[in-house]
Every structure is written in structure tokens, then in C-alpha cells.
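A.B. asks: based on what follows, work out the 3D shape:
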Amino acid sequence: MYLLYLALTSPSRPSPGQTDAEQLEDRIWARANPGLGIQHLHAKARARRIDLAVYLAGVGPTDPPDTGSTPVQNILALIPEWTVSYAAADREETTP
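C.D. replies: Numbers count the residues shown, from 1 in each chain. Next comes the predicted model:
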């Protein structure tokens, strides 16, 4: 499982609030298909951005899942009014 962290900004929302963050989560879940590998996500409003943590199963942060695009590209396609100002990824080790 991978943790993908995105700092998102939007010109139409220069100071997003927590309601915007919650709506962003809802929009991603409503538009995502199982092939994207999203297991869990959490959005938090910050000054001038929303921090989004996405847990992905079965793919690396730059590996193309079923869609043939990277996870960052896939997530941004679900929320086209937002752009990434920063992105990072880390592998979460799981034990059986």
C-alpha cells in the first residue's frame, strides 16, 4: 500500500475551508472507479490549500494502474478545478 500526499490549490478557492476539503473527498469517492486502487483518503483545509492523503493499494506512486495513467493524474482527472502544488509518496509496509 502506498501513501500519496498532495497539496492542492484552486484559483476559485483561494482560502478553502474544511467544508471544501470534505466536499473534495466526497467528489473523489463519487467519481473514482475501483481500478484506481484508492483504499482510503483524507482531506484537511490549510491556509490557501487542501492537503490530501490518499492510500493506494497495489500500485506505486508512479506505476500506472488499470487506467494507464499515474495515480496523481487519475486523481486530478476527478477534480479538474484543483492543481497540485506539492506531491510526495511513501510505501506503507503492512505485516500479515
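
A.B. asks: low pLDDT regions in this protein?
C.D. replies: Within the chain, the ranges that satisfy pLDDT under 70 run 58-69, 91-96.

A.B. asks: the strands in it, which residues?
C.D. replies: 2-9, 38-46, 49-56, 83-91 (DSSP state E).

A.B. asks: the third one vs strand 83-91, what angle?
C.D. replies: Meaning strand 49-56. Per axes from the mean of the first three to the mean of the last three CA atoms, to 10 degrees, the angle that strand 49-56 makes with strand 83-91 is 40 degrees.

A.B. asks: strand 49-56 packs against which elements?
C.D. replies: Counting contacts by 3 or more CB pairs under 8 Å, 6 or more residues apart in numbering; DSSP states H and E, strand 49-56 packs against strand 2-9, helix 18-31, strand 38-46, helix 71-78. For the C-beta atoms, the positions are set from N, CA and C on the backbone; glycine is no exception.

A.B. asks: now these in TSV, with distance to residue 53 and mean neighbour count?
C.D. replies: Shown next, in TSV, are the helices and strands packed on strand 49-56 (distance: least, CB to CB, whole Å; neighbours: other CB atoms under 10 Å):
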stretch	distance to residue 53	mean neighbour count
strand 2-9	6	19
helix 18-31	10	14
strand 38-46	5	16
helix 71-78	11	18
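
A.B. asks: so which of the ones you listed is nearest residue 84?
C.D. replies: strand 2-9 (5.3 Å; CB to CB).

A.B. asks: re earlier: reformat the strands of the chain as TSV; add distance to residue 17.
C.D. replies: Output for the strands of the chain, formatted as TSV (distance: least, CB to CB, whole Å):
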stretch	distance to residue 17
strand 2-9	14
strand 38-46	5
strand 49-56	9
strand 83-91	18
